[in-house]
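Student: sequence and predicted structure below; questions after.
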Amino acid sequence: MKEMTLEERKAYIQTVADEVAQGRLTLGGAVKRLRENILGVNQERFAMACKISKRALSQLEVDSGNPTLATLEAVFKKFGLKISLAHLNPVDLNAAFAQKNKVGFGMPKLGTAPSPSPKSDKPI
């Protein structure tokens with residue numbers, strides 16, 4: 001592994017974060033790439049540094065299991081990153097709303113107002 005300068009490490013970490021944000025890289029894939037290419041350490045050593053089990057790290061890196069937020073934070077903190085929420089672009093947001101409607105959540109599309117409830121003259 002070639003030794004990186006501080007600026008090269010920062011740029012690499014940002015590139016990996018951008019790929020995750022764009023949906024081109026999974027969180028597990030990001031962890032593995034960062035661990036191998038920035039730190040150059042094995043899973044056991046990195047897991048100990050993060051105070052998580054090797055099994056939890058292994059499952060995370062292959063996108064299996066169900067990592068806790070604490071596990072994700074412990075891992076990404078080593079690279080100066082944190083887990084956060086991000087806005088979807090309008091196309092992706094509308095697709096997410098369409099999927100929710102399909103499964104019965106009934107959320108309106110972005111930019112449309114919910115239709116008013118019909119009024120009835122009949123007493124209840």
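Tutor: That came through fine.
Student: how about the residue nearest the centre of the chain, nearest residue that isn't a chain neighbour?
Tutor: In the chain, the centroid-proximal residue (Cα atoms, centre = their mean) is residue 27; its distance is 5.6 Å. In space, and not counting its chain neighbours, residue 27 is closest to residue 20: 6.3 Å by Cβ to Cβ, 6 or more residues apart in numbering. Where C-beta positions appear, they are placed from N, C-alpha and C, glycine not excepted.
Student: if I pick the one you found, what's in contact with it?
Tutor: 26-27, 30 (Cβ atoms under 8 Å, 6 or more residues apart in numbering).
Student: roughly how far does it sit from residue 33?
Tutor: According to Cβ to Cβ, to the nearest Å, residue 20 stands 10 Å off from residue 33.
Student: circling back: now the contacts of residue 20 in a markdown table, with pLDDT, distance to residue 60 and secondary structure?
Tutor: As requested, these are exported to a markdown table (pLDDT from 0 to 100; distance: Cβ to Cβ, whole Å; DSSP: H, G, I helix; E, B strand; the rest coil):
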| residue | pLDDT | distance to residue 60 | secondary structure |
| --- | --- | --- | --- |
| 26 | 95 | 10 | coil |
| 27 | 95 | 7 | helix |
| 30 | 97 | 10 | helix |
